[in-house]
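Peer 1: Let's see this in three dimensions:
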Amino acid sequence: MSKIVSVFGSSIPQQGDTEYENAYRLGKILGENGIDVCTGGYMGIMDAVSKGAVEAGRDAVGITVSVFRSNPSKHLTKNIATNSLMVRIEKLVEFGDAYIILPGGTGTMLELTIVWEFLNKGLMNIKPVAAVGDMWKNIIDEMEKRIVIEKRKTGLIKTFEDVEECAGYIIPKLLEKF
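Peer 2: Sure thing, here's the model as predicted:
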C-alpha cells in the first residue's frame, strides 16, 4: 500500500523561484522513493511538489476548496473538491501518513498547528512531521518552550534546513514505522 505525505506550503512561489524549485525537488525525491503526495491542490509549493511526484511516477492528490475560486494544479492525478476550508484541512490531515511543512503564511501555519494539536492531544496516532526553514524552526522552538511548561509531549515536529535533509528523515520513518 502506498504511503502519502501531506505537504503544506505557500501558493505564491512560481517556477524558477527558490521555494518552488525546492518543493519540486522534494516531490521528486518522495516520488522516486515510492511515496505519493497530497497538497492543497493549487499553485506555488503545492503545484511544485505535485509536479515532482508525478514526474517520478507517483500520485499527487489535491484537496481543493470551492471558496478559493482558483484552478487546481494541472499536475494532480486526483482532485478532491471540498466546500469548506475546515473540511479541506481535515482531509489533508486524514490522507497523510507523514507531514512536511514548507515555507508559507498563515494558511500553512494553520495546517501545521492543527496537525500539532491533534498529535499533542492524542487525537491521532503519532506520525512523522518535518518543517523546513528558519521561520518554522523559530516558531517551533518558541512553542516547544510553552509545551514544556504545559507538560505536554515535546519533539513532535522536527526541523530541517533543506528539503533533502527533511526527505532523509521522513522516508525512512515511513518505511520503518508503517
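
Peer 1: give the contact list for G107.
Peer 2: For G107, the residues meeting the contact criterion (Cβ atoms under 8 Å, 6 or more residues apart in numbering) are 8, 11, 40. Bear in mind the C-beta positions are built from the backbone N, C-alpha and C, glycine included.

Peer 1: Confirm it sits in a helix?
Peer 2: Yes: under DSSP: H, G, I helix; E, B strand; the rest coil, G107 falls within a helix.

Peer 1: any idea which residue of the protein is furthest from its center?
Peer 2: In the chain, counting by Cα atoms, centre = their mean, I149 sits farthest out from the average C-alpha position, at 27.5 Å.

Peer 1: What are the phi and psi values at that one?
Peer 2: The phi and psi torsions at I149 (degrees, to the nearest 10) take the values phi -60, psi -40.

Peer 1: List the residues that contact it.
Peer 2: Counting by Cβ under 8 Å, 6+ apart, I149 makes contact with nothing.

Peer 1: can you list the contacts of G107 in a markdown table and add neighbour count and distance to D97?
Peer 2: Formatted as a markdown table, the contacts of G107 follow (neighbours: other Cβ atoms under 10 Å; distance: Cβ to Cβ, whole Å):
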| residue | neighbour count | distance to D97 |
| --- | --- | --- |
| F8 | 28 | 15 |
| S11 | 20 | 23 |
| G40 | 31 | 17 |
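
Peer 1: what helix or strand does S6 sit in?
Peer 2: Element membership for S6, per DSSP states H and E: strand 3-8.

Peer 1: got the CA coordinates for that strand in PDB?
Peer 2: The C-alpha coordinates for strand 3-8 follow below in PDB (Å, rounded to 0.1, in the frame of the first residue of the first chain):
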ATOM      1  CA  LYS A   3       2.400   5.900   1.600                       C
ATOM      2  CA  ILE A   4       1.200   9.500   1.300                       C
ATOM      3  CA  VAL A   5       3.000  12.600   2.600                       C
ATOM      4  CA  SER A   6       0.800  15.700   3.000                       C
ATOM      5  CA  VAL A   7       2.900  18.700   2.100                       C
ATOM      6  CA  PHE A   8       1.900  22.200   3.200                       C
END
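
Peer 1: avg pLDDT for whichever helix or strand comes after it?
Peer 2: Once strand 3-8 ends, the next helix or strand along the chain (criterion: DSSP H and E) is helix 18-32. If you average the pLDDT over helix 18-32, you get 98.
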